[in-house]
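1. Predicted model and sequence below, questions to follow.
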Amino acid sequence: MSAQLEPAWRLHPMRAEHLPEVLAIETASYDFPWTEGIFRDCLRVGYSAWVVTDRDDAVLAYALMSMAAGEAHILNLCVAASQRRRGLAQFLLRHLIMVARAAAVNLVLLEVRKSNLAARALYAGFGFRPLGERRGYYPAHGGREDALVLGLDLT
């Protein structure tokens, strides 16, 4: 008989002290990463910002979401490359949806690169549906890439 232990993940509100590790994950994950200033601005204005850490308080993943007027907008959700395919993205997304419901949000929105098939599958699995496209939304090598706008109805 073998036993599978649950991962020892801890969810915390993101703080400025987390930013060095968040930025390391961000820059390793994206060709066009967010800057420290963007993260600091998100924290300053009070966006719903979260990190998942391990038992040693090392940041494994993070997510940021804005909420206003009955809508939420998932701005960034990222998992460290070494931690992918372990359920962290689902864990964080489930939490964001719970936070949105608690805030009486009716619609959760996000943009995703058309080429990001893994993220598109994640969001589809949670019931996000395509609402439209934003042409040239993301920077890309040699030009711009379109984004799909996805929405999840919480009503």
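-> Arrived safely, thanks for sending. Note that the structure is predicted; figures quoted are calculated from it, not measured.
2. Please enumerate the helices of the chain.
-> For the chain, applying DSSP state H gives helices covering 19-29, 36-44, 88-102, 117-125.
3. my guess is residue 13 contacts residue 47, does it?
-> No. Residue 13 is not in contact with residue 47 according to C-beta atoms under 8 Å; the separation is 10.5 Å. Backbone N, C-alpha and C define where each C-beta goes, glycine included.
4. which neighbours do the two share?
-> Common neighbours of residue 13 and residue 47, counting by C-beta atoms under 8 Å, 6 or more residues apart in numbering, are absent.
5. can you list the helices of the chain in TSV and add mean pLDDT and mean neighbour count?
-> Listed next are the helices of the chain as TSV, based on pLDDT from 0 to 100; neighbours: other C-beta atoms under 10 Å:
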stretch	mean pLDDT	mean neighbour count
helix 19-29	98	16
helix 36-44	98	14
helix 88-102	97	17
helix 117-125	96	14
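6. Which one's more surrounded, residue 13 and residue 47?
-> The residue with more neighbours, out of residue 13 and residue 47, is residue 47; 19 against 10, by other C-beta atoms under 10 Å.
7. looking at it, the more buried one is touching residue 65, isn't it?
-> Yes. Look at residue 47 against residue 65 with C-beta under 8 Å: they come within range, at 6.4 Å.
8. which residues do those two both contact?
-> Taking C-beta under 8 Å, 6+ apart as the criterion, residue 47 and residue 65 both touch residue 75.
9. Tabulate the helices of the chain (a markdown table), appending distance to residue 8.
-> Output for the helices of the chain, formatted as a markdown table (distance: least, C-beta to C-beta, whole Å):
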| stretch | distance to residue 8 |
| --- | --- |
| helix 19-29 | 17 |
| helix 36-44 | 25 |
| helix 88-102 | 12 |
| helix 117-125 | 22 |
